[in-house]
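**Q** let me see the structure of the following:
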Amino acid sequence: MTSREKICVISSDDKDISSISNSNFFVNLKEKYATQSVDRIAVMETIVPNAFYNISDGSTTKGNGPENNTLILSATGMGTLNFVLPAGQYNILQLIASLQTLINAQLTPLGRTVTITRDEITNLLTFSFLGGVSILFKKESTMAPVLGFATDLNGTLVTMTEPPDLSGINSVYIHSEALSDGSGIDASKGIINLVDCVSLHNVPYGTFSYKQTTDASFSTIAYTIPRNLNRIDIRLRDREGNLLNIGTKRLTLVIKVYYSV
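**A** Predicted coordinates for the structure are as follows:
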């Protein structure tokens, strides 16, 4: 038996009709000979768009990622109120303005208002309530990490304990049953079909992250028995395993296939 290798480009542009989206798709390779008896693969290049809002409603159809857009407040005389910020890509000024408007729309009829400010040195957010009643910020709010609190906070003047976090999804993970051989281990889920991890650090929303591996030994996935790679499945997930949707943008994976003849 002789070992040979080919470079294979897997792109969402080539997805078949059974595919769900550009980040959850199947590709049927027209080349059959070089995709038989594959011993191992090596991931050479990965191109993934940052198409994920930093404020998300958890809808996979919008590609937002995990929900982080709900703030829960409660106080005597007003009960518990949920404030749901529309999903989108926010900077800190937009977040403050939108959230303040959203909260006041419900508080004003109750005789209360809020003003949100940001300390330019510490970057901490402060919520100043008018109306004479302490307001409780509930830690189960999905927006808690975004605003900067991890425990219940209470008062008429409430300052967050941590700076706001609008970084959104920091990394994404490509999974494939066809390409992986249970190659990944997740702390909470165990063995997973992980193929590659791509950082979105310093990748602005709407642009693409490009990852290249120059040493194949660092990205090789070896199979326990040779396999057929005629049909390849690709799924893009976040750190928690949630499926992500990149809309009409393209996902591309370039692998080196090692096969025996």
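**Q** now do the helices in the stretch 51-200 of the chain.
**A** Counting by DSSP state H, counting those that start in this stretch, the stretch 51-200 of the chain has helices at residues 92-107, 144-147.
**Q** parallel or antiparallel, list what pairs with the worst-scoring helix or strand of the chain on mean pLDDT.
**A** The helix or strand of the chain with the lowest confidence, counting by mean pLDDT, DSSP states H and E, is strand 184-186 at a mean of 84. In the sheet, strand 184-186 lines up against strand 190-192 (antiparallel) (DSSP bridges).
**Q** what comes up buried for the partner strand?
**A** Within strand 190-192, the residues scored as buried using 16 or more other C-beta atoms under 10 Å are residue 192. The C-beta positions use only the backbone N, C-alpha and C, and glycine is treated the same way.
**Q** picking that back up, return the set of buried residues in the least confident helix or strand of the chain.
**A** Result for strand 184-186 [16+ other C-beta under 10 Å]: buried residues residue 184.
**Q** what's in contact with it?
**A** Outside strand 184-186, the residues that touch it by C-beta atoms under 8 Å, 6 or more residues apart in numbering are 173, 191, 192, 193, 194, 241.
**Q** again with stretch 132-143
**A** Outside stretch 132-143, the residues touching it (C-beta under 8 Å, 6+ apart) are 66-78, 80, 85, 112, 114, 127, 129, 144, 147, 149-156, 158.
**Q** if we use 6 Å, what do you get?
**A** 67-68, 70-76, 129, 151-156 (C-beta atoms under 6 Å, 6 or more residues apart in numbering).
**Q** how about stretch 47-63?
**A** Contacts of stretch 47-63 (C-beta under 6 Å, 6+ apart): 64-65, 67-69, 85, 87-90, 166, 168-169, 172, 198, 200, 203, 205, 207-210, 243-247, 249, 251-252.
**Q** just the buried ones from the residues you listed, in PyMOL syntax?
**A** Of the contacts of stretch 47-63, the buried ones go into a single PyMOL selection, burial set by 16+ other C-beta under 10 Å:
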select buried, resi 64+65+67+68+69+85+87+88+89+90+166+168+169+172+198+200+203+208+209+243+244+245+246+249+251+252
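**Q** any chance of the contacts of strand 184-186 in CSV, plus pLDDT and distance to residue 56?
**A** Putting the contacts of strand 184-186 into CSV (pLDDT from 0 to 100; distance: C-beta to C-beta, whole Å) gives the following:
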residue, pLDDT, distance to residue 56
173, 96, 17
191, 88, 28
192, 88, 22
193, 92, 24
194, 95, 23
241, 88, 15
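**Q** between the residues you listed, which sits nearest residue 220?
**A** For the contacts of strand 184-186, the closest approach to residue 220 (C-beta to C-beta) belongs to residue 194, at 13.3 Å.
**Q** distance of residue 159 from residue 97?
**A** The spacing between residue 159 and residue 97, counted by C-beta to C-beta, to the nearest Å, is 19 Å.
**Q** what of residue 54?
**A** 15 Å.
**Q** ok, now residue 246?
**A** 28 Å.
**Q** longest strand in this protein, please.
**A** Longest strand in the chain by number of residues (criterion: DSSP state E): strand 38-49.
**Q** name the strands paired with it and say parallel or antiparallel.
**A** Strand 38-49 has these partner strands in its sheet, going by DSSP bridges: strand 208-212 (antiparallel), strand 220-227 (antiparallel), strand 252-260 (antiparallel).
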